[in-house]
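Colleague: sequence and computational prediction follow.
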Amino acid sequence: MKKPIEIAGVTKHIGVPRKRTEDPQILMGQAKYVDDIKLPGTLEVAFFRSTHAHARIKNLKLDAAKAHPDCHHIFTNNEFSAGATTFFPGTRGTLHPVLMPFLAKDKVRFVGEIIAAVVAPSRYIAEDIVDLIEVDYETLPAYNDVEDAMQPDAALIHEDLESNIYYADSFSNGDVDKAFAEADLVVSEKIATGRTSAAPMETRGVMATWGWDDTLTVWSSTQMPYPLRTSIAVNLGIPEQTIRVVAPTVGGGFGQKAHFFPDEFILPWIAKEIKKPVKWVEDRREHLLSAAHAKQCTIYMSIAFNKDGTMVGMKIKNIGDSGAYSQYPWSGLIESVAANNGAPGAFTVPNISFETVICLTNKMSTGAYRGVGWSAGCYAREMVMTKAARLLNLDIVDIYRKNFIRHDEFPYTTSTNQTYDSGDYHKVLEKCLELSDYASTKKQSRATEDGKLKGVGIAFFVEQTNWGSRSAEESGFPATLHDTTTVEMDPTGKVTVRSGQFSHGQGLKTTLAQVAAETLGVPFEDVVVLDGDTATGAYGMGTFASRSAVIGGGSVIRAATDVRNKLLTIAAHVMEANAADLEIDEGKIYVKGSPDRSMTVAEIAYITFYDRFARPDEDEVEPTLSATRHYDPPAAYANGSHAVHIELDPLTGKLDIKRIVAVEDCGNMINPKVVDGQMRGGASQGLGMGLLESLEYDESGQLKNASFMDFLIPNATTLPDIECAHIVTPSPYTEGGFKGAGEAAMLSVHIALSNALADALSEYDGPLVPMVTPIGPQQVMDLINNVNQPQAR
Amino acid sequence: MVDKKKISLNVNGVTYDREIEPRTLLSDFIRHHLDLTGTHVGCEHGICGSCTILMDGLPVRSCLTFALQAEGKAIETVESLDTNGELSPLQNAFWENQGLQCGFCTPGILMSMKAFLKHNPKPNRDEIREALSGNLCRCTGYHDIVDSVVAAAEAAISSGTAKA
């Protein structure tokens, strides 16, 4: 493993809570999102979507629609029969590839599946025309629950597969049976985590135009412009270098926009066919029906304990609800495979075995959403630990302390073969306990004077961050993921960072500029970061999976160091000094110890490009000031803790969140304010998932709550202030000592919430510990009344 | 085909004359007929608040309003807030306090908060949360937005511009 580069900057830009450079244009309403892009003559697309969850298309009646005077085109699978399959080579177990047609062929498999695309002068008219399309369906049994779809006699959702299960694997390490046989206590539970949606405030959207020179330009609300470009090239058979993908300003993604959806191929294909610009912007109903869902797993979790709380063994069966397809490109494996491979969390679990089963249902496919896999997996483990703590007359904190990996054990390889780089879990936990007044709150009475119940809950997480190839592999996905950045200095000494990542709210234009400024030794204001456009960046995988600070930051450090070294070599020649004796600080190059012997970076840059008499001979030093470097980092694991205080009305099940404390160790922070923003936003989404959000399908496969009226996400009164604190343990392996920070809360804060509920109910006969998400009023009353609890089959 | 209607609408102090289908939503009219794309559409059913504009000084969901209903009213959008690229104190408070991340909900929030601070120049955090509750944000967890609104109110008070 290469040692990280020592960052030589004199003035510190890394670690400064700087204001974000991307904000003024947003605040003035000038930032351009996909639907704000205007091209003359643009036609709009509306989709005709399936109203049945599982049915054969017997007769698609388009005549009335085609007769509409403003109908330009209607495209169906007869015109465009492409589709995509997802296949991860070398993944453990057996994976049967699942074909996802871009337009439904013969059969529909979930409500909202695209059957036809209508092209018209405006969206209003396109929707009028969609209303004229009719279909005769032959309905088939629809599956909502994986355990029904898994039955041997279940109707096949994909008839080319032998069953609705398309992936299964198992893993074992240690002597699990012996550990369970000898343990003092075994707790086994079925845990059912709810189905939710990332639901970014900007829905998805795609615009495409075909150029006179046979070039294709695509604007998409995507998190990964370069992989989308490759995928369009492969799936449409267009030379990749003729395609430009632009992700303009994007209004949130959270992993959901790190997929490729059928519309991202249908729109470019239509543009190519009709040689006109076309646009489609998803409405919220379409979004909730057909943008990737997330988090739904059925988990059987057994943990074996000794009397003192030591965990001696763990057995898991995780059944992932894939929905109707295997979401392209990550596949429907991501929840359950990531969950199981990360099952030990912060703890030494010497004996472990797990089964992973991925099953199709007649619902929208599940895919990546912040904290993918771990939200469900960690919840299952921790709820079982909480129940065990009650049965052993311990506090969950005692079990944490007993089983934590100690700070002197790093690097530590878990029983599922993940190697944690660094951390001090005890210190982080103690900080969170102290800030949240956990111990003193626990000593108080649960009952309040007005008949409510108070509760406090805590949770601790280890977050696998910076998804390059190694992180991915340690999570069970032997994929190839890395990034490239170009850093270039122009003749005036200003700096452009060309990134393959893409900031859609994370503030990367600011944070990557901070890293470049410090590494190069130039003022922050002299650096501009270009991202989100394949015409101006460098090939990269995009921004998702807590990867951009580490991989983006690391590739900037590498490239900027190369440029700096080149600049110093040229400066040494010009200034008649030794390069090793030169220092750069805020745009000034000087001889160490003699600050009066100095030149500016701009002077040296100008000489490099325009003064062949002053610069070194070009055969000796090439007169360019740019470098392109790649980074595929070692895995790095962040950690942290959340505490939540609640007040519960035991008569209605309504639960109010009173306090939230978040402590995080993501290594060196580039911009602590941005990290706080990630912590607070993550806590909000985590509590939404834990308290409110559930996409509910009925028995026939209809989504009952495809609107923000019925599918609730947190508003400003759902949450109190979110108190943040940091412990810094730099990663010894990554450039800059960075670890990722994006997903943290989604592994933890919903657990703290459910632990707070268990605490509020701790004086009831029980123990009453929730085994579901979300824990809305109905689920709370069910828990109190001991009805409708998940039952093992 | 739908008959078109003439409409004359005052937006940010400018009068625009257009011909539109009567069913045209105010949000679409502002965005696609006037090219003022700072007003965003997040749900088209009046919940998320991204499309909030001011109509005669009061916050209105432009996605639940027909453009024709706005005739004769003074419409203000996010594009009215800055002065030739110089941020207003409210916008500046959001910048200073990182009251935004992806920024999609931000224009609606700024318009809601402009009207709110005029009505309640010295709000406490709970009052701000109540006033914000009609605007959904998926990125920030609201904390930094509340900080921004507190800062905007304090800035207005210290500069003497707050209305009693």
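Modeller: Received the coordinates, thanks. For clarity, every value in this text was computed on a predicted model and none was experimentally measured. Residues are numbered from 1 along each chain as shown, chains lettered A, B, ... in the order given.
Colleague: does A:Leu655 touch A:Leu648 like I think?
Modeller: Yes: between A:Leu655 and A:Leu648 there is a contact under C-beta atoms under 8 Å: 5.1 Å. Where C-beta positions appear, they are placed from N, C-alpha and C, glycine not excepted.
Colleague: find residues that contact each of these two.
Modeller: Contact criterion C-beta atoms under 8 Å, 6 or more residues apart in numbering or on different chains; residues bridging A:Leu655 and A:Leu648 by contacting each: A:757, A:780.
Colleague: buried residues in the longest helix anywhere in chain A?
Modeller: Counting residues, the longest helix found in chain A (DSSP state H) is helix A:553-575. Residues of helix A:553-575 classed as buried: A:553-564, A:566-568, A:570-575 (neighbour count, 16 or more other C-beta atoms under 10 Å in any protein chain shown).
Colleague: can you dump the C-alpha atoms of stretch A:382-396 in PDB for me?
Modeller: Provided in PDB are the C-alpha atoms of stretch A:382-396 (Å, rounded to 0.1, in the frame of the first residue of the first chain):
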ATOM      1  CA  GLU A 382     -29.200  -3.600  17.300                       C
ATOM      2  CA  MET A 383     -32.900  -4.300  18.100                       C
ATOM      3  CA  VAL A 384     -31.900  -7.800  19.000                       C
ATOM      4  CA  MET A 385     -29.000  -6.500  21.100                       C
ATOM      5  CA  THR A 386     -31.400  -4.100  22.900                       C
ATOM      6  CA  LYS A 387     -33.800  -7.000  23.700                       C
ATOM      7  CA  ALA A 388     -30.900  -9.000  25.000                       C
ATOM      8  CA  ALA A 389     -29.700  -6.200  27.100                       C
ATOM      9  CA  ARG A 390     -33.200  -6.100  28.800                       C
ATOM     10  CA  LEU A 391     -33.200  -9.900  29.300                       C
ATOM     11  CA  LEU A 392     -29.700  -9.700  30.800                       C
ATOM     12  CA  ASN A 393     -30.500  -6.700  33.000                       C
ATOM     13  CA  LEU A 394     -27.900  -4.600  31.300                       C
ATOM     14  CA  ASP A 395     -28.000  -1.300  29.400                       C
ATOM     15  CA  ILE A 396     -27.300  -1.400  25.700                       C
END
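Colleague: residues touching that stretch, excluding its own?
Modeller: With contact meaning C-beta under 8 Å, 6+ apart, stretch A:382-396 is reached by A:185, A:187-189, A:191, A:301-303, A:305, A:307, A:309, A:311, A:345, A:398-399, A:442, A:458-459, A:751, A:754-755, A:758, A:762, A:766-767, A:769-771.
Colleague: what do you get if the cut-off is 6 Å, keeping everything else the same?
Modeller: Stretch A:382-396 is contacted from outside by A:187, A:189, A:301, A:303, A:305, A:309, A:399, A:751, A:755, A:758, A:767, A:769, A:771, using C-beta atoms under 6 Å, 6 or more residues apart in numbering or on different chains.
Colleague: what do you get for stretch A:571-585?
Modeller: So stretch A:571-585 is in contact with A:10-11, A:521, A:568-569, A:589-592, A:604, A:607, A:614, A:616, going by C-beta under 6 Å, 6+ apart.
Colleague: what about the residue in the stretch 1-150 of chain A positioned nearest to chain B, how many neighbours?
Modeller: Nearest residue of the stretch 1-150 of chain A to chain B: A:Gly29, at 1.9 Å (C-beta to the nearest C-beta). The number of residues packed near A:Gly29 is 24, by other C-beta atoms under 10 Å in any protein chain shown.
Colleague: likewise A:Thr215?
Modeller: So A:Thr215, with other C-beta under 10 Å, has 14 neighbours.
Colleague: for it, what are its contacts?
Modeller: The neighbours of A:Thr215, taking C-beta under 6 Å, 6+ apart as the test, are A:Thr242.
Colleague: run the last query once more with 8 Å
Modeller: A:242-244.
Colleague: so for whichever residue of the stretch 201-350 of chain A sits closest to chain B, what's the pLDDT?
Modeller: Distances between the stretch 201-350 of chain A and chain B by C-beta to the nearest C-beta are smallest at A:Gly251, namely 3.0 Å. A:Gly251 carries a pLDDT value of 98.
Colleague: and B:Glu71, what is it in contact with?
Modeller: Counted by C-beta under 8 Å, 6+ apart, B:Glu71 has contacts B:7-9.
Colleague: residue numbers of the stretch 401-550 of chain A in contact with chain B?
Modeller: Within the stretch 401-550 of chain A, the positions adjacent to chain B are A:504-507 by C-beta under 8 Å from any C-beta of the partner chain.
Colleague: got a winner among the contacts of A:Thr215 for most neighbours?
Modeller: Neighbour counts for those peak at A:Ile243, which has 21 neighbours (criterion: other C-beta under 10 Å).
Colleague: how about that residue: which residues does it bridge to?
Modeller: Going by DSSP bridges, A:Ile243 is paired in beta bridges with A:Leu216.
Colleague: now it: how far from A:Asp531?
Modeller: 17 Å (C-beta to C-beta, to the nearest Å).
Colleague: and for B:Gly57?
Modeller: Counting by C-beta to C-beta - B:Gly57 and A:Asp531 are separated by 39 Å.
Colleague: give me the more crowded residue out of the two.
Modeller: When neighbours are counted by other C-beta under 10 Å, B:Gly57 and A:Asp531 differ, and A:Asp531 comes out ahead with 26 against 12.
Colleague: what sits against that one?
Modeller: A:499-503, A:508-509, A:537.
Colleague: and A:Val749, by the same measure?
Modeller: Neighbour list for A:Val749: A:459, A:642, A:644, A:660, A:662, A:682-683, A:686-687, A:690 [criterion: C-beta under 8 Å, 6+ apart].
Colleague: apart from its chain neighbours, what residue comes closest to it?
Modeller: A:Gly686 (3.8 Å; C-beta to C-beta, 6 or more residues apart in numbering or on different chains).
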